[in-house]
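> Below is the structure, and that's it, no one-letter string:
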């Protein structure tokens, strides 16, 4: 292992910019080009990437420090093969966004001194292209001043406002949200006032768009200080903001994924900067406000959502005698998780039947042979082994979503839903691929007892890759189990029944097990789900396939 110093690369002809965010800490493993800190000038904020991959041994900067090109940021412990000096990648949009030097003059379509239409183009904002338009700051008909911002663009490292080089009336916008622009792209046509000469395009200024993205799993975010955030103001959708939000690209991305309007979030960081904790506190405040008990003492049974009617408030006692009982702690926790998972995850459920006639006969025989051992083998233990085999064949089901990445797991920890007097719990059988059916049955029995006794620890329920919810002998035919995030699938099974099955010559009585596979459509497609169910059914019909 080799110690490597990581320094600030060339980010423009400026120096002494302030460190406003620390995105890693000592002990973190970082990749090459992973962002380390966020700095801010008077025109833009940007994230500084790492020139090497390795483990952070020591941070050499702190919040509020001033840095420039060549400033030492941290010391990495890099592998010997990766320790050779590499050219530090410059933040994609940062250099020119922060540089105070003026960009080239934007030419007009006709002599400005006589008035008339003038084309406004993207000035030189660095050695990059194809950045997305994320906000339109003016509309046709608006009166525009010189250096007034027209649009906001964003790269993966920085966002900036593109200013107008000409004063006048905005006649036409040539871009729309989501368009990709580069240096020289035509963005607007302005009717210039007579005598108004075009000026050099001003350097783009940092800004943030109004967040409007749909929910999704959170992305990797910046490390924050432990200071508590101030109380968030009441959520007022559509309330106008006096100024644009002050936040880094990573925080704006985080807010967009949660659907949080940043202009309504009060920043607790330096200069009123919005931190991740501020965004999270805002969300908690909105949820608490939506779920707060209304006047009269009735408890709201659901969380308010835009476009939905409010939850009905009923005085149940006026219709007859009632009894009120508080929800158990487990039901409160599991209920909130289930509600989040159902709302956020696009569920699809495939239903199928598996012929377990021979497997059930084998299970009964196994239990007779092992009566003295005290271990009773259940069909669920066979299901766990069968699911492991299916997960190995279809690894996209043994995965989790993490931002824009899919995490494919090389281990097989299977959760099973346990019904307890206090509510539903999901213990996890660790490394089920390395255990036999008898050992799995014994562990399931021990974990189920701990669940009923309220003695399950956090580690007993952590690390699950895939879950099975079995209604066993209770009844029912099919149902739609809710996925246990961050997993991407769950299998539901109901009571098996003897049914007539055509064998090509006659109907034969066969023991059929109903299967209900719910899957996350963001990570899995319908064809894969159908194949998974078919393969699982084939394994249950002939358990020797597990050996293949």
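Cool, got the structure. Just so it is clear, the structure is predicted and the values come from calculations on it, not from any experiment.

> contacts and neighbour counts: CA atoms only from here.
Fine.

> how about the nearest residue to residue 537, chain neighbours excluded?
Setting aside the residues directly before and after it, residue 537 is nearest to residue 354 in space (C-alpha to C-alpha, 6 or more residues apart in numbering), at 4.6 Å.

> now residue 509
The nearest residue in space to residue 509 (C-alpha to C-alpha, 6+ apart) is residue 500, at 4.7 Å.

> Quickly run through the sheet partners of the host helix or strand of the one you found, with directions.
Secondary structure from DSSP states H and E places residue 500 in strand 497-502. Its sheet considered, strand 497-502 pairs with strand 507-520 (antiparallel) by DSSP bridges.

> Show me what the very next helix or strand once past the strand it pairs with is packed up against.
The helix or strand immediately downstream of strand 507-520 is helix 526-541, counting by DSSP H and E. Helices and strands touching helix 526-541, by 3 or more C-alpha pairs under 8 Å, 6 or more residues apart in numbering; DSSP states H and E, are strand 347-355, helix 357-369, helix 379-393, strand 507-520.

> Tabulate these (TSV), appending distance to residue 169 and mean neighbour count.
Below are the helices and strands packed on helix 526-541 laid out as TSV (distance: least, C-alpha to C-alpha, whole Å; neighbours: other C-alpha atoms under 10 Å):
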stretch	distance to residue 169	mean neighbour count
strand 347-355	49	20
helix 357-369	78	14
helix 379-393	61	21
strand 507-520	49	20
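
> Using TSV, lay out those together with distance to residue 124 and mean pLDDT.
Formatted as TSV, these follow (distance: least, C-alpha to C-alpha, whole Å; pLDDT from 0 to 100):
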stretch	distance to residue 124	mean pLDDT
strand 347-355	46	96
helix 357-369	70	94
helix 379-393	51	96
strand 507-520	43	96
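
> closest one to residue 422 among those?
Of all the helices and strands packed on helix 526-541, it is helix 379-393 that lies closest to residue 422, at 22.0 Å by C-alpha to C-alpha.

> elements contacting the closest one?
helix 437-452, helix 526-541.

> Now for this protein, the helix or strand with the poorest mean pLDDT.
Least confident helix or strand of the chain, by mean pLDDT, DSSP states H and E, is helix 94-98 with a mean of 40.

> Which SSE is immediately downstream of it?
strand 116-121.

> picking that back up, how much space separates the residue nearest to residue 537 from residue 521?
Here the criterion is C-alpha to C-alpha, to the nearest Å. By it, residue 354 lies 23 Å from residue 521.

> Please apply the same query to residue 333.
Separation of residue 333 from residue 521 (C-alpha to C-alpha) stands at 25 Å.

> if you count what's nearby, which of those two comes out ahead?
The residue with more neighbours, out of residue 333 and residue 521, is residue 521; 16 against 12, by other C-alpha atoms under 10 Å.

> Model confidence for the residue lying closest to the more buried one once chain neighbours are set aside, exactly?
With sequence-adjacent residues excluded and distances taken as C-alpha to C-alpha, 6+ apart, residue 521 is closest to residue 346, at 5.7 Å. Note for residue 346: predicted pLDDT of 96.

> who's in contact with residue 346?
520-522 (C-alpha atoms under 8 Å, 6 or more residues apart in numbering).

> so what's residue 420 scoring on pLDDT?
For residue 420, the predicted pLDDT is 82.

> Could you list which residues are in contact with the nearest residue to it once chain neighbours are set aside?
The shortest distance from residue 420 to any non-neighbouring residue, by C-alpha to C-alpha, 6+ apart, is to residue 452 (5.0 Å). Residues in contact with residue 452 (C-alpha under 8 Å, 6+ apart) are 419-421.

> Tell me the buried residues within those residues.
In those, burial by neighbour count holds for 419-420, counting by 16 or more other C-alpha atoms under 10 Å.

> Tell me the one among the contacts of residue 452 nearest to residue 436.
Of all those, residue 419 has the smallest distance to residue 436: 24.0 Å, by C-alpha to C-alpha.

> Would you agree the closest one is in contact with residue 427?
No: if you go by C-alpha atoms under 8 Å, residue 419 and residue 427 don't touch, sitting 10.7 Å apart.

> okay, and for the protein, where does confidence drop off?
1, 12-14, 42-44, 79-115, 126-128, 156-159, 194-244, 249, 271, 288-306 (pLDDT under 70).

> Please report how far residue 360 lies from residue 319.
For residue 360, the distance to residue 319 - C-alpha to C-alpha - is 50 Å.

> if we can go back for a sec, so which of the contacts of residue 452 sit within strands?
419-420 (DSSP state E).

> Adding distance to residue 287, write the contacts of residue 452 out as a markdown table.
A markdown table is the format used below for the contacts of residue 452 (distance: C-alpha to C-alpha, whole Å):
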| residue | distance to residue 287 |
| --- | --- |
| 419 | 28 |
| 420 | 28 |
| 421 | 28 |
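
> and of the contacts of residue 452, the nearest to residue 479?
Among the contacts of residue 452, and counting by C-alpha to C-alpha, the member closest to residue 479 is residue 419, at 16.3 Å.

> All set now, cheers.
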